[in-house]
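1. I need the structure of the sequence given here:
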Amino acid sequence: MEEDQAAAAFDSSVTDFHTYEDFLDSQITSLDLYYLEDEELARQLVELGYRGSGSVLKREEFEARKAAAEAFRLSMRNHLNSGLTLASAGKELKDNFLRALAEREEANRSGKMTSIIFIRDQNSLGQEISGYIDYSHRLRSEDFEPYFSGKKRFLPKPTDLSFYNWKTQVSVSNTTANYQVIAENSTSLLFQNRRDRKMVNVDPKASPGDNSSRSPIQSDLYMHVVIFDHITRMKV
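-> Numbering: from 1, shown residues only. Down below sits the predicted model:
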């Protein structure tokens with residue numbers, strides 16, 4: 001089905017595998033098994049990063065990405081069934097970042113997912129700027145057709161979750177409808193989801209947190225892009 005194909009494209013590093021153990025097995029080489037002679041030990045070493053033929057995700061990050069892919073699959077199904085026209089619909093999206101935005105548009109509009117987007121690039125004055133953007137918030141407050149059509153650049157603003165101008169050293173942070181900025185951490189910003197109270201940790205050396213995943217995006221349009229996807233789960 002179309003939504004299944006879209007979900008597979010969303011994050012093939014997890015959608016190709018039914019379980020975390022299957023994912024670990026895919027990283028084990030025949031040479032590992034030859035020397036270790038123990039499949040479970042080989043899995044443990046892969047999870048710890050000592051063995052394996054590819055990049056390794058921790059169990060919680062694998063499960064968060066799996067949940068994000070499933071949420072995207074369901075959102076695509078709802079979109080196809082509802083006939084809702086998205087800002088990205090029908091656009092020729094040649095850059096990875098624009099495709100990543102399109103993949104997450106419906107889920108962020110519906111509230112199934114609240115993505116935080118980090119962007120570092122230059123503004124119209126040639127000044128380097130960076131910031132964290134609440135994608136869902138921006139979708140509700142702006143017309144995204146110019147972004148997806150390439151008429152306008154998607155950059156952080158002083159009204160976003162955080163904004164920093166490296167030339168003027170202006171630094172701003174703001175609470176949005178989805179996130180509260182927690183600046184008490186000495187090494188990195190934390191963003192607390194205001195719906196389920198879960199923390200999203202944007203430190204690249206740390207786990208992004210429960211129900212969250214971190215996805216660096218290679219883009220020809222921007223210097224540095226990372227997307228943090230958080231699957232919202234209400235307390236019961």
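2. just the mean pLDDT for the helix or strand where residue 25 lies, thanks.
-> Taking DSSP states H and E as the definition, residue 25 sits inside helix 20-27. Mean per-residue pLDDT for helix 20-27: 70.
3. list the buried residues for the strand of greatest length in the chain?
-> Determined from DSSP state E, the single longest strand within the chain is strand 113-122. Buried residues in strand 113-122, defined by neighbour count with 16 or more other Cβ atoms under 10 Å: 113-121. Placement of C-beta: from N, CA and C, glycine included.
4. let me have these in JSON lines, adding distance to residue 86 and pLDDT as columns.
-> Output for these, formatted as JSON lines (distance: Cβ to Cβ, whole Å; pLDDT from 0 to 100):
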{"residue": "113", "distance to residue 86": "14", "pLDDT": "93"}
{"residue": "114", "distance to residue 86": "17", "pLDDT": "96"}
{"residue": "115", "distance to residue 86": "15", "pLDDT": "97"}
{"residue": "116", "distance to residue 86": "20", "pLDDT": "98"}
{"residue": "117", "distance to residue 86": "17", "pLDDT": "98"}
{"residue": "118", "distance to residue 86": "23", "pLDDT": "98"}
{"residue": "119", "distance to residue 86": "21", "pLDDT": "98"}
{"residue": "120", "distance to residue 86": "27", "pLDDT": "98"}
{"residue": "121", "distance to residue 86": "24", "pLDDT": "98"}
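5. just the helices in this protein please.
-> 2-10, 12-15, 20-27, 30-36, 39-48, 59-82, 96-110, 135-141, 145-148 (DSSP state H).
6. so who does residue 173 touch?
-> 161-163, 181, 183, 189 (Cβ atoms under 8 Å, 6 or more residues apart in numbering).
7. go again with 7 Å.
-> 161-162, 181, 183 (Cβ atoms under 7 Å, 6 or more residues apart in numbering).
8. same thing with residue 120?
-> Listed by Cβ under 7 Å, 6+ apart, the contact partners of residue 120 are 130, 223-224.
9. which stretches of this protein aren't confidently modelled?
-> 1-16, 24, 26-39, 41-59, 70-85, 184-187, 233-236 (pLDDT under 70).
10. could you list the domains of it?
-> Per automatic domain parsing, the structural domains of the chain span 2-48, 67-231.
11. as CSV, the ones you listed with distance to residue 61 would be great.
-> Below are these laid out as CSV (distance: least, Cβ to Cβ, whole Å):
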stretch, distance to residue 61
domain 2-48, 9
domain 67-231, 6
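12. which of those domains is buried the deepest?
-> domain 67-231 (a mean of 17; mean count of other Cβ atoms under 10 Å).
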